[in-house]
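Student: Need coordinates for the below:
(one chain, ligands or ions: 2)
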Amino acid sequence: MSMLNLSKEEFKNKFKNGKITVAVYGQGKMGLPLANVFAEAGVNVIGVDICEEVVENLNKGINHITEEPFLSELVAKNVKNGTYCATTDGKLAAEKADIMIILVPTLTDEKGNIKLGPVYNVAEIISSGLKEGNIVITEATMPPSTTESLITIFEKSGLKLSNGDFGLAHAPERTMTGTALRDIKGQYPKIIGANDSKTLEILSGMYETINNAGIVPISGIKGAEAVKVFEGVYRDVNIGLANELALWCEEHNVDALEVFESANTQPYCHIHTPGAGVGGHCIPVYPWFVINSSEKLNPRITKTARELNDYMAHHMVELTIKGLNSFEKSLKNAKILVLGLTFRGGVKEFMKSAAIPIISELNGWDADVYAFDPLCDETDANRYGAKWAEMESYKWDAVIITSDHVEFKNMDLDKLMKNVNIPLIVDGRNTIDPVIAREKGFKYLSVGNFKL
Ligand SMILES: NC(=O)c1ccc[n+]([C@@H]2O[C@H](COP(=O)([O-])OP(=O)(O)OC[C@H]3O[C@@H](n4cnc5c(N)ncnc54)[C@H](O)[C@@H]3O)[C@@H](O)[C@H]2O)c1
Ligand SMILES: CC(=O)N[C@@H]1[C@@H](OP(=O)(O)OP(=O)(O)OC[C@H]2O[C@@H](n3ccc(=O)[nH]c3=O)[C@H](O)[C@@H]2O)O[C@H](CO)[C@@H](O)[C@@H]1O
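Tutor: Ligands and ions are numbered 1, 2, ... in the order given. Have a look, this model is predicted:
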C-alpha cells in the first residue's frame, strides 16, 4: 500500500487501526520507547535490532532498557496485544513495513567525528526491501546533509526519490533518557523536514497520533537536521558565556550566581550555569558538526565557546591550587577527593566528563587522587586514574565536586568537616550553598565565586 497516495485523514485512520506497519531500526534507549508509543496507539510495529538476545527478550515482553520508567510495562502489554514484535531480520522488516525509522547509534569522538556505520548499514538493509510508496525517516542525531547522503543507497532499490517513488524525511529525536515516554508523547513539538509536501503531510499525520505538542514542519531535510544540532550549539555557547562571565566575577570578587539569577529576572536574559565543563554525547559534540562542516565560514563563536568550556576543567585545578596555597599547602602529595565521575548528576555516562581531565591534571601534580560517585564503582575510578574512596575513608586536603548528583547537594557538611585535614571545597557544579559551607568553617571556592 502506497503511503503517498493517501490523504492525511485516510492515513491516520489506517495508522491507528493497525493497517500500516512501522519498522523502527535500533531498539535502544530511544528506539524502543518510540516503537512502543506507536504500538500503544494501535499501530503495527516491528522493532529491528542486531542484538539477538535483545530481540529474543523483547519478543517475550522483556524490556532491557530498565532505567526508563514505565517502559517495561508498556513493552509487556504491547507484545501481549500483538501490536509490537522484534526481529534481527531488517530486510524482512523492510519488506513488511510501510514506514521505516532509523534510530541506531551515531557516536562521535571528542572532535565530533561521527561514526555513521550503523546508519549506512541500516540504509543498505532498508534499500533491499524498499517498496513503492514507502517512507524512510531518520530520527538519529546526525550532521546536516547526512540523511540526503543516503538517497543513493535507497535508490539501489530501483526506486527514485525525485520521481516520488518513496518519501524521505528527518525528524530528530529530542527525547531524554529517563523521560523518554513523556517526551515522545508531547514534551516538545515534533520537528519534521521532508523531501516533498506529500511526505510531510503524511508524517505530520503520523506524529500527530502520538505527540500532543504538535508538529513543526521545516522546509527541508537538512533544516530539520540543523534544528537538533543548533539546539545543542545554543546550549554550549550559552554555557561558554556563563563561564566567561563567571571568570570575570572571580576577578572582580562578585558572586556570579547571585548576579546571573538577578539578570535572569529579565525575560530576555537566560544566562546559564557556570561550571567545571560540558560533558555528554550531545552538547559538547553537536558544535563540531557546525565547525567541521564550515568551509567559507569561520564559526568563531561556536569554536571559542567550545574551547572555553574545555578550559574549565583546568580552571578547577587552578582554584584547588589557590585554595591549598591559602593554607600553605601545595598539590604535591595532597589527598584530594573528587566527588563525581559522570558528566552530570543522575546519569551514568562518562563522555567528556570534567572529572577525567581534572583527575589527570591532579595526577600530573603528584597529588594523591581519590574519587567517589554514587552511580559508579572502583573500576570506573581506576579507569580514569583515581583510587576509590568514600568521604569517611581519609582526612582530605581538598574536596572537588564535578557532578551535580543529588547526593552531593544533600551532603552532610558537619560529617565532612570531621573528615578533612584542610577544610577546602572546590565546587564545580555550584552544588553546595556557599553561605552554609562558609558558616561551617569551610573555605568554599566555585566557578564564579572566589573568596579566600
Ligand atoms: N540517549 C539519548 O539521551 C538520546 C537523546 C537524543 C537523541 N539520541 C540519539 O538517538 C540515537 C540512538 O541513540 P540511543 O541512545 O537509543 O542508542 P542505544 O545505544 O541506547 O541503542 C542503539 C540500539 O541500536 C542497536 N543497533 C546498533 N546498530 C544497529 C544496526 N545496524 N541495526 C539495528 N540496530 C542496531 C543496538 O543494538 C542498540 O540496541 C542516536 O543518534 C542518539 O544521538 C539519543
Ligand atoms: C533530548 C536531548 O538530547 N536533550 C539533551 C540533554 O543534554 P545532556 O543530557 O547532555 O545534559 P545537559 O543538561 O545539556 O548538560 C550537558 C553538560 O553541560 C553542563 N551544564 C549544563 C547546563 C549549564 O547551564 N551549565 C553546564 O555546565 C552539565 O553539567 C553537563 O556536563 O538534556 C538537555 C537539557 O538538560 C538538552 O538541552 C539536551 O539537548
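Student: residues from the chain in reach of ligand 2?
Tutor: Within the chain, the positions lying close to ligand 2 (C-beta under 6 Å from any ligand atom) are 174-176, 231-232, 235, 239, 272-273, 275, 278-280, 282-283, 343-344. (Each C-beta comes from the backbone N, C-alpha and C, glycine too.)
Student: Check which helices and strands the host helix or strand of residue 362 sits against.
Tutor: Using DSSP states H and E, residue 362 maps to helix 355-364. If contacts are counted by 3 or more C-beta pairs under 8 Å, 6 or more residues apart in numbering; DSSP states H and E, helix 355-364 sits against helix 300-325, strand 335-339, strand 368-372.
Student: who touches that helix?
Tutor: 276-277, 313-314, 316-317, 320, 331, 336, 338, 340-342, 350, 369, 371, 384-386, 400, 402-403, 428 (C-beta atoms under 8 Å, 6 or more residues apart in numbering).
Student: Buried subset of those as a ChimeraX selection?
Tutor: In ChimeraX, a selection of the buried entries from the contacts of helix 355-364 looks like this (16 or more other C-beta atoms under 10 Å):
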select :276,277,313,316,317,320,331,336,338,340,341,342,350,369,371,384,386,400,402,403,428
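Student: quick one on the thing from earlier: state the mean pLDDT of the helix holding residue 362.
Tutor: For helix 355-364, mean pLDDT rounds to 98.
Student: can you check stretch 400-407 too?
Tutor: The average pLDDT within stretch 400-407 is 97.
Student: The residue nearest the centre of the chain: what's it in contact with?
Tutor: Geometric centre of the chain, nearest residue: residue 282, 4.4 Å, by C-alpha atoms, centre = their mean. Neighbouring residues of residue 282 by C-beta under 8 Å, 6+ apart: 141, 232.
Student: roughly how far apart are it and residue 193?
Tutor: According to C-beta to C-beta, to the nearest Å, residue 282 and residue 193 sit 19 Å apart.
Student: Write out the residues of the stretch 1-150 of the chain neighbouring ligand 1.
Tutor: Counting by C-beta under 6 Å from any ligand atom, the stretch 1-150 of the chain comes close to ligand 1 at 25-31, 48-51, 54, 103-106, 118, 121-122, 140-141.
Student: Give me the buried entries from those.
Tutor: Buried members of these, counted by 16+ other C-beta under 10 Å: 25-31, 48-50, 54, 103-106, 118, 122, 140-141.
Student: Among those, name the ones in strands.
Tutor: Taking DSSP state E, the ones among those that sit in strands are 25, 48.
Student: Just the ones of the buried ones among the residues of the stretch 1-150 of the chain next to ligand 1 in helices?
Tutor: Using DSSP state H, the subset of these located in helices is 31, 54, 118, 122.
Student: Of those residues, which is the nearest to ligand 1?
Tutor: Nearest to ligand 1 among those, counting by C-beta to the nearest ligand atom, is residue 118 at 3.8 Å.
Student: from the stretch 51-200 of the chain, which residue is nearest to ligand 1?
Tutor: Of all residues in the stretch 51-200 of the chain, residue 140 sits closest to ligand 1, at 3.2 Å by C-beta to the nearest ligand atom.
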